[in-house]
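>>> got a sequence here, can you model it:
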Amino acid sequence: MTVSGEPSLRLSFHETRTKVILRAQSESHEQLVRLAARFGSGSQRGALAAEVDLEDFLSHLAFLSQWHDPAGVSFSPDLKALAEGSVKDSQAVDSRLAAGRQGLEFSETVTPVDVPGRLGTAWRAPLAEFQTRDIAKLLSLTHGANFSVPGAGKTRAAMAVYAALRHAGKVRRLLVVSPKSAYEAWQDESEHCFTAPLTVRVFERRPSTDVELLLVNYERLSRYQKDLADWLSAAPALMVLDEAHRMKLGVRGTYGTACMALGPLARHRLILTGTPAPNGVKDLESLLSFVWPGHGRRAVDKAVAGGDLAHASKILRPLFTRTTKNELDLPPADVRVHYVDLPPAHRELYSALRKRPHGATNAEQDEFSRLGKVLVYLIMASTSPKLLDKGADRYDPLPFIFPPYEPPRDGSLRDLMRDLPHYEMSPKYEAVLRTVAENARLGRKTLVWSTFVRNLTTLGIALEKFHPAVVHGGSIDRDEQIRRFRQDPDCMVMLSNPATLGEGISLHHVCHDAVYLDRDFSAGRFLQSLDRIHRLGLKTGTETRITVLIARGTIDEEIHNRLGKKLDFMGKILDDPSVQELADPDEEVAPWGMDIKDLRALLEHLDDPKI
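Residues are numbered from 1 along each chain as shown. Next up is the predicted model:
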């Protein structure tokens, strides 16, 4: 204490609640400068004040013990409560990790048998056995992580955690950070899980005080950080990061920085992702640093310090839950490969396009970006080379003629590419038309996937009698198109691309057939699109049929072979209870999912003399 009896150091929240303000008496000026300098984010705000990022402050509370007047350190009540909670979290992490290092099972305070009674009378949704197990573990933790595979019902499990915490009086509101595509899942689960649905709002500019479930996407976090901080601080809240791998860079990325700043303001924190470590152990460290900031983060950092993901996963197992693919007990999907032959003009054009890159130098061929473009050209050409010819706009459908004209014998390849739809129907399009028509005859709806929007718009016209729903990045009525596909008995087909509809949407209650017009090398994106119709909730005996179209002698065959090897590897990971590296479909390091082996396969295809 100072001579006047006043604290020599006062600690309180900055108005944004994401920083801590340190204020000292005049005689402690030099000590304040030295203390602020110890924090990585410390900066002076004048002679007698400094500020430190909240997460940095909580991580290094021990620095305060070196203040020249320990008895003169004073916390504001809300900051004191948060700091004390951080210390308790640290102790909880330490005890759990100690058990993990010794190979011991940690004794959970909540068992699966306890879960139904903790959810309260407002809860009404059924839970699978593995969901109940995971919920029990998460309720035993103050904060936690659910690393279950895609399609395992992580949203419902998180809702149950919230219901139990709300019933116990520990939280009163829920902030969910997620991709926009996942909003619908949270809105639907709110209605299905509770007898009185939660008041749900998508964050616009200022969060309403009467909202119980607030949805916001990662892109808006940094811009509206103060508003969200105020909302979290106004009442005890659970903060959930859905598809949490979006902030895997931690404080090195914009999303991670905002999440780390807001996280400590939530009474409870939970992350959900089926791909927790797409690039290795550092990703896992960043995610768990959000869950356990402050002292807890140091324990996590120590567990992953060796850089061995398998070892870190084993040590950290007490801090997360994970349901494997086998545990979902889904009826197996029937994957069928349907080969088509290119008609003469189409084959001539594809061969010409395949040979064009051979004028490149070896240095150029080593560039992923350039060969990524070559890959795209070949994927397009395997369906219709006309896709390479610019239309009126990127959504312009191809002008097929029925019956087709006879191609001229003396025309140029350029003219042939431009006019190909007048001479031949794409065999892949024909296969889609037959499949959709046959499924419609049987009363089965079909989901058709293609990477390219012009394929979608072209098929939208060709399939007009089946009242198609079309969803792509330029759709202004996405929700209405999805509603029609689900509810309109005349809408028998949906046309979409994995980039738009590959995650966050569930169609397994109305659709059990999917057709892939084309694919790229991204196994993660392919698996996520499969999960739209093959996921938890399928009725016993449901037949899920997947048709993959492949044009013989094209890049389709190389992609199919490479994906087969990747999917075999990924399947083993998805059935492994530990965390391993699993590709993040949202952030491919190389274009179109290519790795070095994919690159070699592409070059071999370009050099193959038999094609």
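
>>> C-alpha only now, for contacts and for neighbours.
OK.

>>> domains of this structure?
According to automatic domain parsing, the chain comprises the domains 9-75, 83-323, 333-607.

>>> from what I see, A381 and L375 are in contact.
No. Counting by CA atoms under 8 Å, A381 does not reach L375; the two are 9.8 Å apart.

>>> and the strands in the stretch 51-200 of the chain?
Using DSSP state E, counting those that start in this stretch, the strands found in the stretch 51-200 of the chain span residues 73-75, 144-146, 173-177, 200-202.

>>> select, out of these, the one closest to Y255.
strand 173-177 (10.2 Å; CA to CA).

>>> that closest one pairs with which strands, and in what direction?
In the sheet, strand 173-177 lines up against strand 213-216 (parallel), strand 237-242 (parallel) (DSSP bridges).

>>> what's in contact with the helix or strand that the first one is followed by?
Toward the C-terminal end, the helix or strand that comes next after strand 213-216 (DSSP states H and E) is helix 225-234. The contact list for helix 225-234 (CA atoms under 8 Å, 6 or more residues apart in numbering) reads 16-18, 175, 206-207, 209, 221, 258, 262, 265-266.

>>> counting only helices, which of these make the cut?
If you go by DSSP state H, the contacts of helix 225-234 have 258, 262 in helices.

>>> and the contacts of helix 225-234, which of them are buried?
17-18, 175, 207, 221, 258, 262, 265-266 (16 or more other CA atoms under 10 Å).

>>> of those, just say which sits nearest to A168.
A266 (16.2 Å).

>>> separation between that closest one and L214?
13 Å (CA to CA, to the nearest Å).

>>> same check, this time on A305
From A305 to L214 the distance is 36 Å (CA to CA).

>>> with neighbour numbers in mind, choose between the two.
L214 (22 against 14; other CA atoms under 10 Å).

>>> wait, the more buried one sits on E204?
No. The pair L214 / E204 is not scored as a contact, 10.0 Å apart, by CA under 8 Å.

>>> could I get the pLDDT score of the nearest residue to L165 once chain neighbours are set aside?
Excluding the flanking residues, the one nearest L165 by CA to CA, 6 or more residues apart in numbering is V171, at 5.8 Å. As predicted, V171 sits at a pLDDT of 96.

>>> residues touching V171, list them.
162, 165, 235-238, 267.

>>> and the furthest pair within those residues?
Among these, Y162 and A235 lie farthest apart (CA to CA), at 14.1 Å.

>>> the more surrounded of these two?
Using other CA under 10 Å, the more surrounded residue of Y162 and A235 is Y162, with 26 against 17.

>>> partner residues bridging the closest residue to that one other than its chain neighbours?
Excluding the flanking residues, the one nearest Y162 by CA to CA, 6+ apart is L238, at 6.9 Å. With DSSP bridges as the criterion, L238 is bridged to L174, H268.

>>> touching, L238 and L175? I think so.
Yes. Under the criterion of CA under 8 Å, L238 makes contact with L175 at 6.3 Å.

>>> if I look at Q187, how far off is P236?
Remark: distance between Q187 and P236 (CA to CA) = 21 Å.

>>> please apply the same query to Q44.
Relative to P236, and taking CA to CA, Q44 is found at 31 Å.

>>> out of those two, which sits in the more crowded spot?
When Q44 and P236 are compared for neighbours, P236 comes out ahead with 19 against 16, by other CA under 10 Å.

>>> wait, that one sits on R166?
No. In this structure P236 lies outside contact range of R166 using CA under 8 Å: 9.6 Å.

>>> quick one: common contacting residues for those two?
R172.

>>> okay, the closest residue to L456 other than its chain neighbours: pLDDT?
Leaving aside its sequence neighbours, L456 sits nearest to L495 (CA to CA, 6+ apart; 5.7 Å). L495 carries a pLDDT value of 97.

>>> related to what we said a few turns ago, which of the buried ones among the contacts of helix 225-234 scores worst on pLDDT?
Among those, P207 has the lowest pLDDT, at 76.

>>> can you pull the contacts of it?
214, 227-228, 231.

>>> can you say which of the residues you listed are buried?
Applying 16+ other CA under 10 Å to these flags 214, 227-228, 231 as buried.

>>> and those residues as a markdown table, adding distance to L527?
As requested, the buried ones among the contacts of P207 are arranged in a markdown table below (distance: CA to CA, whole Å):
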| residue | distance to L527 |
| --- | --- |
| L214 | 29 |
| D227 | 36 |
| L228 | 33 |
| W231 | 36 |
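
>>> and which of those residues is nearest to V453?
Scanning the buried ones among the contacts of P207 for proximity to V453, where the rule is CA to CA, the winner is L214, at 32.3 Å.

>>> distance of the closest one relative to H245?
Counting by CA to CA - L214 and H245 are separated by 20 Å.

>>> got it, and R118?
With CA to CA as the criterion, R118 and H245 are 29 Å apart.

>>> okay, these two: which has more neighbours?
Remark: of R118 and H245, H245 carries more neighbours, 25 against 20, as counted by other CA under 10 Å.

>>> pretty sure P197 is touching D188, no?
No. Here P197 does not reach D188: they are 9.3 Å apart, not a contact under CA under 8 Å.

>>> these two: who's more crowded?
Between P197 and D188, counted using other CA under 10 Å, the more crowded position is P197 (16 against 12).

>>> contacting residues for the more buried one?
Counting by CA under 8 Å, 6+ apart, the residues that P197 touches are 190-191.

>>> that older thread, adding distance to G571, write the strands of the stretch 51-200 of the chain out as TSV.
Formatted as TSV, these follow (distance: least, CA to CA, whole Å):
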stretch	distance to G571
strand 73-75	51
strand 144-146	19
strand 173-177	28
strand 200-202	35
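
>>> just give the nearest non-adjacent residue to the residue nearest to the spatial centre of the chain, would you?
The residue lying closest to the centre of the chain (CA atoms, centre = their mean) is E243, at 3.5 Å. Using CA to CA, 6+ apart and skipping the chain neighbours, the partner closest in space to E243 is T273 (4.7 Å).

>>> ok, that neighbour - contacts?
Per CA under 8 Å, 6+ apart, neighbours of T273: 146-150, 242-245.

>>> now with 7 Å, please.
Neighbour list for T273: 146-148, 242-245 [criterion: CA atoms under 7 Å, 6 or more residues apart in numbering].

>>> what pLDDT is listed against it?
At T273, pLDDT is 89.

>>> what of K465?
So K465 comes in at 96 (pLDDT).

>>> mind checking the SS state of V20?
Using DSSP: H, G, I helix; E, B strand; the rest coil, the structure places V20 in strand.

>>> give me the neighbour count for it.
Neighbour tally, V20, other CA under 10 Å: 23.

>>> where's the nearest residue to it once chain neighbours are set aside relative to D283, distance?
Spatial nearest neighbour of V20, chain neighbours left out: F13 (4.7 Å); criterion: CA to CA, 6+ apart. Look at F13 and D283: by CA to CA, they are 29 Å apart.

>>> do T111 as well
Taking CA to CA, one finds T111 at 30 Å from D283.

>>> and those two? Which one has more around it.
D283 (21 against 16).

>>> correct me if wrong: the more buried one contacts A277.
Yes. Assessed by CA atoms under 7 Å, D283 is found in contact with A277 at 5.1 Å.

>>> quick one: contacts for the residue nearest to Y162?
162, 171, 173-175, 266-269.
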